[in-house]
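Peer 1: Predicted model follows, preceded by the sequence.
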Amino acid sequence: MRILVGGGSGFVGRELTRLLRVKGHEVTLISRQPGPGKITWGELESGGLPACDGAVNLAGENILNPLRWWNESYKKDLFSSRIDTTKALADAISASPSPPHSWVLVSAVACYQPSLTAEYTEDSEWTPFDLLSRLVKEWEAAALLPENVATTTKQVIVRPGIVLGRDGGAMKQMMLPFWLGLGGTLGSGRQPFPWIHVSDLAGIIAGALETPAVPPSPSPQVLNGVAPALNTNHEFTKELGRILNRPTILPVPGFALNAMLGSERAILLTQGQKVIPKNTLETGFQYKYPDLTSALREIVRR
Ligand SMILES: NC(=O)c1ccc[n+]([C@@H]2O[C@H](COP(=O)([O-])OP(=O)(O)OC[C@H]3O[C@@H](n4cnc5c(N)ncnc54)[C@H](OP(=O)(O)O)[C@@H]3O)[C@@H](O)[C@H]2O)c1
C-alpha cells in the first residue's frame, strides 16, 4: 500500500513510518520542509493528493514544548497547526478522483472531561468544556469527509492518551529528572494517567490504515489509543522509579505546574481521565505493552 503521513517526521510518525515500511508499505511524508520521500503542505494544496491507498495526519505544534511560553500566539499555533493541516488533507482527499480507502486522524483524549471516577469509552457523549476539548472538537470536525466520499473512504479517529516512548513525547522530558532521583508525583498523584506505548499506538494506526471498512460508514470509527490498564499518576511515578531503581519522593505541586506551564495546559499533567479502549479491543488489536511494567521496561532497556 502507498501511505501518506502528515507530520510523519515527529515522535509518533517515526515509529509509524518504521512499522509501515517493515510491513512492506510505501510511505510519503507531508512536512513543512521539502526533502526526499516528502511533499510539503504547499505542494499538497497546489498539486492535489498524490496517489495513495491510505492517509493519516499527525501534524501539530508540540503542546508540551518547554521552549514556548503559554500565550495567545502559542495557543493559536496549537489550533492552526492541527486544524489547517487536517482540513488540507481532508479537502485533498475529497477532491481526488481516486481517494484512498482509509483516512485516519490522530487527535487526543482531552475531549473527555478529567475526573477521578468517570470512565470513558469511544461511545461516551462529550461536549467541549475547556480550551483543549474545544481544540479536539474543531480538529476532529476538520477531518470529516463529505458523505459521498465517506462511502468509499473509511474515516477513523484515533484518540491517544500520553504516548510513552524513549525517543520523544513526555518520557523524553521525564527521564533525566527521574534518573537524577528528582522524579515525583504530579499534583495529587491520584489523577488517572491514560497512556499508551508508542509502538502500540503505531500498531493501532497501521491497523486502521490497512483494514477496509465493511460496510463503509458516513461517520468516523473512533478508537481510543490507550493501554487497557487503568493507572494513576502515582502508580506511573512509583513504577518508573522502581524500574530505574531511583527514589520518587519529591512531588511536584499542582500550583508549580500551573505557574510553569499555564493552567490550561498543566491540566494534561495535573488531571486525567479513565479511558477505556473498548472499540480498539473489539477490533482484535493485540497490545505488545498492555501494562506499565512491560511498557516502562522496554523504554528504559533501550
Ligand atoms: N505525543 C503524545 O503524547 C500525544 C498524545 C496525544 C495526542 N498526540 C497527537 O498526536 C500527533 C503526533 O504526536 P507527536 O508526539 O508525534 O508530535 P510531534 O513529534 O510533536 O510533531 C509531529 C509533527 O508535526 C509537525 N509540526 C510541528 N509543529 C508544526 C506546526 N506549527 N505546523 C505544522 N506542522 C507542525 C512536524 O512535522 P514537520 O516538521 O515535518 O512539518 C512534527 O514532526 C499530534 O497531533 C499530537 O497532538 C500526541
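Peer 2: It's in. Residues are numbered from 1 along each chain as shown.

Peer 1: so the residue of the stretch 201-302 of the chain found nearest the ligand bridges to which residues?
Peer 2: For the stretch 201-302 of the chain, the residue closest to the ligand is Gly225, as judged by Cβ to the nearest ligand atom, at 7.6 Å. (Each C-beta comes from the backbone N, C-alpha and C, glycine too.) When bridges are called by DSSP bridges, Gly225 pairs up with Pro160.

Peer 1: any idea how far the residue in the chain that the ligand sits nearest to is from Leu29?
Peer 2: Of all residues in the chain, Gly10 sits closest to the ligand, at 2.3 Å by Cβ to the nearest ligand atom. Per Cβ to Cβ, to the nearest Å, Gly10 is found 10 Å from Leu29.

Peer 1: Leu67 now?
Peer 2: 23 Å.

Peer 1: Same drill for those two, tell me which one is more crowded.
Peer 2: Leu29 (23 against 5; other Cβ atoms under 10 Å).

Peer 1: check contacts around the more buried one.
Peer 2: Neighbour list for Leu29: Leu4, Val5, Gly6, Gly8, Ser9, Gly13, Thr17, Gly37, Lys38, Ile39 [criterion: Cβ atoms under 8 Å, 6 or more residues apart in numbering].

Peer 1: residues from this structure in reach of the ligand?
Peer 2: Residues of the chain found near the ligand (Cβ under 6 Å from any ligand atom) are 7, 9-13, 31-33, 58-62, 77, 81-82, 85, 106, 108, 160, 162-163, 168-170.

Peer 1: how does it look with 5 Å?
Peer 2: Residues of the chain that fall close to the ligand, judged by Cβ under 5 Å from any ligand atom: 7, 9-12, 31-32, 58-62, 81, 106, 108, 160, 162-163, 169.

Peer 1: who touches the most centrally placed residue in the chain in this structure?
Peer 2: By Cα atoms, centre = their mean, the chain has its centre lying nearest to Pro160, at 4.1 Å. Under the criterion of Cβ under 8 Å, 6+ apart, the neighbours of Pro160 are Val12, Val106, Ala108, Val109, Ile196, Leu201, Gly225, Val226.
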